[in-house]
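1. using only what follows, build the 3D model:
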Amino acid sequence: MEFTTNKSTTSTSLKDSFNNQGETKTSGAKKTQTSDTHNLETVMTNLKIATGETNSISINKKIHPLLLNFATSGGYETSNDDLLLLEQNHICSSLGVPFLVISKDTFITGHKPLIDTTKYNKFLALVLKSVKAQQGEIILADFEGEMPGFGGDLSCAQFMPTRVIENSLVTKCTSNANECLLCSPHTAGLIVDLRDTGGIMITQLIMSDVAFTKLIWGATGDLTSLRYQRSLGNIRAKNVVDVQRGFSSPGRLLGMGTAISRCPRKFIQGLPSKDQGHDWSPRAQNRRCVPLPLSQSFAKYAMDDLHRIDAILSCLRPSGNSYKSALRVTDVFLAELENPSGAILQIQNELGYFARKYGIQKRIKAVEINRVLVHIKNAFEGRLSIRQKQIIEQALQRVTRATSVTVPNDLSWF
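-> Okay, the predicted model is just below:
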């Protein structure tokens, strides 16, 4: 989901929803067994943190309970050093929920990565084990970057398990929205650098494995980029639900900002507004609008979108009180994504938007369509019919009259 300027209201704080001994106030979650609680308390008691540089960890600070839940979810032994790696390598959302940063390089301004290869590999192995242990769970997913879809470039992925929906895809929400409960996360989330080999590995594991049910709000652009962005290894997503479809009718998609505004205030207190504002003018010159490394505010925006989705799913009811139809619609889209005709239809839709633009907005849209056309030619090389090639060339001629910028064949940014 691209950084947007759609208006919405704000969302509830979970900062005070955590108990002291590694448990969370999680509605519908399984209670921690006595032996597990004892083990967590023992680990927390025994954990000693050195007085040297520890990436802003204070002396004798306890590991965040959601990080403990993440580390121990696989049922294997976790050393103090392992837990320290998790504590060192996370940032928190606006609601105080920890997200592990999956990157060996500087990905978020102000966050110091695990540059040491041995430490990073150990950290990555721990994350992979815990992620695999989550198979069978429902995962909230979201992606950020430059114009997700054909011609786009995803740079960030966010994942967080949720228990607000049953595995049968039936919502837990009652008929009265005010009676619904916002489930606190029961484990840490992930914020993933999609330039990082380990980050791509984790993203591919989650998105291509049917054992994970992925919930995305507005999935078409994200799924297209995952499939055709060459740097990601052409990830074929499976078992994905575009939950936006559960609240929308054909041709009329409900925006996240509008959906959030329909939630009771208790669900939207604590999160910043989704209306962040952003300057898209650099795109008119085929330049990035979201520079890397990400700013702290953008990283929080990315993590907070998962809380927004969680809030919407907690208190709004989809059509039929189920997301099964949304799953079917998403499956149809994924099947059509393999066919050039679906991509050609996207071109025709984009040209309709282009005709209604003026000034800088028209130049921005011209570059975006140019990138889409170049990407489709590359992605479906040898599979395009003569008529489809003609449509692409005619579209290229039309948009290039609105801009002097030529998009490189490798889709790089200036």
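2. so for stretch 206-224, mean pLDDT?
-> Average pLDDT, stretch 206-224: 97.
3. now do it: distance from first to last residue.
-> 16 Å (CA to CA, to the nearest Å).
4. could you list the buried residues of that stretch?
-> For stretch 206-224, the neighbour count (16 or more other CB atoms under 10 Å) marks 206-207, 212-224 as buried. Where C-beta positions appear, they are placed from N, C-alpha and C, glycine not excepted.
5. repeat for stretch 323-338
-> Neighbour count says stretch 323-338 has 323, 326-327, 329-330, 333-334, 337 buried, by 16+ other CB under 10 Å.
6. neighbouring contacts of that stretch?
-> 165, 169-171, 215, 219-220, 223-224, 227, 236-246, 318-319, 342 (CB atoms under 8 Å, 6 or more residues apart in numbering).
7. alpha carbons of that stretch, as CSV, please.
-> This file holds the C-alpha atoms of stretch 323-338, laid out as CSV (Å, rounded to 0.1, in the frame of the first residue of the first chain):
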residue,chain,number,x,y,z
TYR,A,323,-14.3,-12.5,4.1
LYS,A,324,-14.7,-15.7,2.0
SER,A,325,-16.0,-13.8,-1.0
ALA,A,326,-13.1,-11.4,-0.7
LEU,A,327,-10.8,-14.4,-0.8
ARG,A,328,-12.4,-15.6,-4.0
VAL,A,329,-12.1,-12.2,-5.6
THR,A,330,-8.4,-12.0,-4.6
ASP,A,331,-7.8,-15.5,-6.0
VAL,A,332,-9.4,-14.5,-9.3
PHE,A,333,-7.1,-11.4,-9.5
LEU,A,334,-4.0,-13.6,-8.8
ALA,A,335,-5.0,-15.9,-11.6
GLU,A,336,-5.6,-13.0,-14.0
LEU,A,337,-2.2,-11.5,-13.0
GLU,A,338,-0.5,-14.3,-15.0
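8. next one: it to chain centre, how far?
-> 19 Å (CA atoms, centre = their mean, to the nearest Å).
9. now do stretch 260-280
-> Here the centre of stretch 260-280 is set off from its chain's centre by 17 Å, with CA atoms, centre = their mean.
10. which parts of it are buried?
-> Those buried within stretch 260-280 under the rule 16+ other CB under 10 Å are 260, 262-264, 267-268, 270-271, 273-274, 280.
11. could I get the average pLDDT for that stretch?
-> So the average pLDDT for stretch 260-280 ends up being 83.
12. quick one: end-to-end distance for it.
-> End-to-end distance (CA to CA), stretch 260-280: 24 Å.
13. now, which of the contacts of stretch 323-338 lie within strands?
-> 215, 240-242 (DSSP state E).
14. next secondary structure after the helix or strand hosting Q346?
-> For Q346, the host element (DSSP states H and E) is helix 340-355. For helix 340-355, the succeeding helix or strand toward the C-terminus, using DSSP H and E, is helix 359-379.
15. if we ignore the residues flanking it in sequence, what's nearest G342?
-> Nearest non-adjacent residue to G342, counting by CB to CB, 6 or more residues apart in numbering: E336, 4.0 Å away.
16. check A219 too.
-> D242 (3.8 Å).
17. can you name the next helix or strand after the helix or strand hosting E87?
-> For E87, the enclosing helix or strand under DSSP H and E is helix 80-88. Per DSSP H and E, the first helix or strand lying C-terminal to helix 80-88 is strand 90-92.
18. residues contacting that following strand, please?
-> 64, 67, 98-101, 108, 111, 188, 191, 296, 299, 303.
19. which of those fall in helices?
-> Judged by DSSP state H, the contacts of strand 90-92 include 67, 296, 299, 303 as members of helices.
20. quick one, what contacts the first one?
-> Right, L67. Listed by CB under 8 Å, 6+ apart, the contact set of L67 reads 83, 86-87, 90, 98, 100, 188.
21. and the closest residue to it other than its chain neighbours, how far from T72?
-> Counting by CB to CB, 6+ apart, L67 lies nearest to L86, which is 4.8 Å off, once chain neighbours are set aside. Using CB to CB, to the nearest Å, L86 is found at 11 Å from T72.
22. same check, this time on N234
-> Using CB to CB, N234 is found at 34 Å from T72.
23. for the two, indicate the residue with more neighbours.
-> T72 (21 against 12; other CB atoms under 10 Å).
24. ok, the more buried one touching T78?
-> Yes: contact criterion CB atoms under 8 Å: T72 and T78 qualify, at 5.9 Å.
25. which among the contacts of L67 gets closest to K377?
-> L100 (37.9 Å; CB to CB).
26. ok, now which ones touch the closest one?
-> 67, 70, 86, 89-90, 127, 188-191.
27. recalculate using a threshold of 10 Å.
-> By CB atoms under 10 Å, 6 or more residues apart in numbering, the contact set of L100 is 67, 70, 85-86, 89-91, 123, 126-127, 130-131, 159, 188-192, 202.
28. neighbours of Q135, how many?
-> 13.
29. repeat for D116
-> 11.
30. next: G136.
-> Neighbour tally, G136, other CB under 10 Å: 9.
31. who are the contact partners of it?
-> G136 neighbours (CB under 10 Å, 6+ apart): 167, 211-213.
32. got it, and V374?
-> Contacts for V374 were tallied using CB under 10 Å, 6+ apart; they are 150-151, 392, 396, 406-411.
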